[in-house]
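Predicted structure and sequence below. I'll ask about it afterward.
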Amino acid sequence: MGKLEKVQILAYNNPDFADSHQVGDPFKALINPETYALEYKVEFTEGQGHGTSNATQRFNVKAPEELSFEFLFDSTGIIDQNPRNDVFDDVNAFKTMMLEYDSQSHEPKHFKLVWGHLLFKGRCTSLSITYKLFNPDGSPIRAVCKAGFKGSIEETLRVAIENPQSPDLTHYKTVMQGDTLPLLCYQVYGDSKYYLEVAKVNNLINFRQIAQGTDLFFPPLTTTTAS
């Protein structure tokens with residue numbers, strides 16, 4: 001019901017996703033997709049003792065989440081009032097952004113996808129291009145690119161999340177619109193009074209103004225902290 005927001009993809013040459021490591025111009029979708037798919041997987045190792053009839057599934061790893069999007073490219077001018085001869089330039093620019101090595105890091109880029117409440121960080125793992133409409137000479141004027149992404153988080157967050165001393169291995173949150181640090185503390189701990197400790201752990205200078213999309217780590221409560 002509010003302002004129309006387009007899907008944006010921002011590229012980075014470092015997995016910390018800092019503004020200083022952003023490269024190139026953000027990609028903005030011509031038309032927002034009708035759907036996108038998120039896939040979650042948990043992997044188990046099946047072990048069966050000698051002489052037993054059932055296998056016991058033991059937790060192995062929580063696989064990174066996967067996201068797939070379809071992006072439309074159109075050069076007819078019907079959508080953006082900017083007719084062009086074909087979609088080759090637009091599609092090739094998108095393919096270059098998604099797949100080519102970054103000149104500084106010498107590896108594929110990291111991406112942040114932003115749309116409404118969706119904030120996804122990861123890398124592009126697949127890209128398929130389907131050309132759908134053609135000029136009489138055979139040059140394509142419409143294409144659909146299906147891009148697959150595999151999620152990733154910053155190394156400092158990963159270590160914190162995997163802390164075996166924590167009673168809850170999911171003590172991390174991404175700040176959404178309307179979130180405050182006391183509210184997030186209440187959601188995690190059941191009490192908002194720990195907001196100063198959380199601000200200190202996350203090196204927040206001004207905890208009253210936290211940028212939307214910021215990842216925060218909520219450490220496990222120790223006896224000292226709880227008292």
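Thanks, I have it.

Could you check the pLDDT of the closest residue to residue 179 other than its chain neighbours?
Closest residue in space to residue 179, ignoring its immediate chain neighbours: residue 210 at 7.3 Å, by Cβ to Cβ, 6 or more residues apart in numbering. In this view, the C-beta of every residue, glycine as well, is placed from N, C-alpha and C. With respect to pLDDT, residue 210 scores 88.

cool, residue 96 as well?
94.

and it, that one's in a strand?
No: counting by DSSP: H, G, I helix; E, B strand; the rest coil, residue 96 is not part of a strand but helix.

Parallel or antiparallel, list what pairs with the helix or strand containing residue 42.
Using DSSP states H and E, the element containing residue 42 is strand 37-47. Sheet pairing of strand 37-47 (DSSP bridges) gives strand 56-74 (antiparallel).

residues in contact with the closest residue to residue 109 other than its chain neighbours?
Leaving aside its sequence neighbours, residue 109 sits nearest to residue 11 (Cβ to Cβ, 6+ apart; 4.5 Å). Shown in contact with residue 11 (Cβ atoms under 8 Å, 6 or more residues apart in numbering): 22, 23, 24, 26, 27, 97, 102, 109, 110, 111.

Same question for residue 141.
74, 75, 76, 85, 86, 87, 133, 134, 135.

do that again at 7 Å, thanks
Taking Cβ atoms under 7 Å, 6 or more residues apart in numbering as the contact definition, residue 141 lies against 75, 76, 86, 87, 133, 134, 135.

And it, how close does it get to residue 85?
8 Å (Cβ to Cβ, to the nearest Å).

Need the overlap of contacts for those two.
residue 75.

which of the residues in the strand holding residue 42 are buried?
Of all the residues in strand 37-47, not one is buried under the rule 16 or more other Cβ atoms under 10 Å.

Work out the gap between it and the centre of the chain.
19 Å (Cα atoms, centre = their mean, to the nearest Å).

likewise stretch 36-44?
Counting by Cα atoms, centre = their mean, stretch 36-44 comes out at 14 Å from the chain centroid.

What's the mean pLDDT across that stretch?
Mean predicted lDDT for stretch 36-44 stands at 86.

Give me the neighbour count for residue 113.
19 (other Cβ atoms under 10 Å).

Apart from its neighbours in sequence, what residue is nearest it?
residue 120 (4.4 Å).

Surely that neighbour and residue 148 touch.
No: if you go by Cβ atoms under 7 Å, residue 120 and residue 148 don't touch, sitting 11.6 Å apart.

Settle it for me: which of these two has more neighbours?
Legend: neighbour count by other Cβ under 10 Å for residue 120 and residue 148, higher for residue 120 (21 against 18).

Kindly confirm my reading that residue 209 is in a helix.
No: assignment of residue 209 by three-state DSSP gives coil, placing it outside any helix.

Can you tell me how far it is from residue 200?
Residue 209 is 16 Å from residue 200, by Cβ to Cβ.

what's the answer for residue 74, then?
Distance of residue 74 to residue 200, computed by Cβ to Cβ: 50 Å.

Of the two, which one has the most company?
Neighbours per residue (other Cβ under 10 Å) separate residue 74 from residue 200, with residue 74 holding more: 21 against 10.
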